[in-house]
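# Generate coordinates for the sequence data below:
(one chain, ligands or ions: 1)
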Amino acid sequence: MDREKMTVPKFRAAKGKQRLVCITAYDEPTARLADQANVDLILVGDSLGNVVLGYANTLPVTQSEMLHHVRAASHGVKSALLVADMPFGTFQGSVDRTVEYACEMIKAGAEAVKLEGGKAVEAAIQRLTEVGIPVMGHVGMTPQSVNAFGGFRVQGRGNQADALAMEARRVADAGAFAVVLEMVPAMVAERVTSETPIPTIGIGAGVGCDGQVQVFHDILNLGTFHPKHARVFFDAGAAITNAISNYADSVRAGSFPTDEESF
Ligand code: KIV
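Here you go, the predicted model:
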């Protein structure tokens, strides 16, 4: 049976009512499988760089790489809300240029965009929202700022907690419909969740957020790096290698293809 389509207003209204399930996907098969699993939101994350394109981090990811994958993922999505990450360099300049880049994401099939940062991106969030492009915020450990942070470090510890809560508040006040909290102490994320009027979506931020997001390749063990916050729900990496080994053995033994598999 077809599920009801998830929309931005429904996603926002779910705060405090249901836990929201979000996952990344990067092409038609990964988006289709996630959609069939009834997730609420699919993010074409710029983690594309790490888990699909083999880059060391998200900084080299370009707008055209993102558009290519947003277009592909959009073909697999029926019910989930499809969000596209704005890659590094597309929202640090003028707000007008940011709107142009975001429009390209919408034309490629996204229903909303995500951008990293708090105060620094307030004007961009306001303008995008005004022109009808819904925005998801992202605060805490924002991977595009890895050089400024000096590594992938937990953010919002100790006396940084107030500043982090303020960043989330600003993102909400600017018009974002949800905000990702990445690598934030669980207690701080819980506080931010209670003080922020929009859904908080945690990744490495504990169970007290309004929802969770994970990277597709992390929870299926398809990558080479395993973050502490990701549970492997199925070892698809091992299953795939095993299947391909079986194929190779069958070819070498002459048992594939059979008559039924031939013309
Ligand atoms: O790029 C990405 O996959 C993300 C999630 C980790 C939230 O930003």
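# Once you drop chain neighbours, what's closest to the residue in the chain that the ligand sits nearest to?
Closest to the ligand within the chain is Gly45: 2.2 Å, counting by CB to the nearest ligand atom. Placement of C-beta: from N, CA and C, glycine included. Excluding the flanking residues, the one nearest Gly45 by CB to CB, 6 or more residues apart in numbering is Thr24, at 4.2 Å.
# do the same with Lys5
Ser79 (5.4 Å).
# ok, now which ones touch that neighbour?
Residues in contact with Ser79, defined by CB atoms under 8 Å, 6 or more residues apart in numbering, are Asp2, Arg3, Glu4, Lys5, Met6, Asp35, Asn38.
# What subset of these is buried?
Taking 16 or more other CB atoms under 10 Å as the criterion, what is buried in the contacts of Ser79 is Met6, Asp35.
# Among the contacts of Ser79, show me the least confident.
pLDDT across these is lowest for Asp2, at 78.
# isn't that one right next to Gln36, touching?
No. Using CB atoms under 8 Å, Asp2 makes no contact with Gln36, being 11.2 Å away.
# on that earlier part again, so what does the residue nearest to Lys5 have for phi and psi?
Dihedral pair for Ser79: phi -110, psi -30, per degrees, to the nearest 10.
# Could you check the pLDDT of it?
At Ser79, the predicted lDDT confidence score is 98.
# Next: Met1.
pLDDT, Met1: 65.
# returning to that earlier point: for the residue of the chain closest to the ligand, grab the count of nearby residues.
Gly45 sits with 31 neighbouring residues when counted by other CB atoms under 10 Å.
# Now do it against Gly140, distance only.
15 Å (CB to CB, to the nearest Å).
# Ala56 now?
Applying CB to CB to Ala56 and Gly140 gives a distance of 21 Å.
# do Leu82 as well
Relative to Gly140, and taking CB to CB, Leu82 is found at 23 Å.
# neighbour-wise, which of the two wins?
Taking neighbours as other CB under 10 Å, Leu82 and Gly140 compare with Gly140 leading, 28 against 23.
# and that one, how far is that from Ala148?
13 Å.
# what's the answer for Ala163, then?
For Ala163 relative to Ala148 (CB to CB), the value is 14 Å.
# Pick out whichever of the two has more residues nearby.
Ala163 (13 against 7).
# and stretch 39-54, average pLDDT?
98.
# For that stretch, measure first residue to last.
Stretch 39-54 has an end-to-end distance of 26 Å (CA to CA, to the nearest Å).
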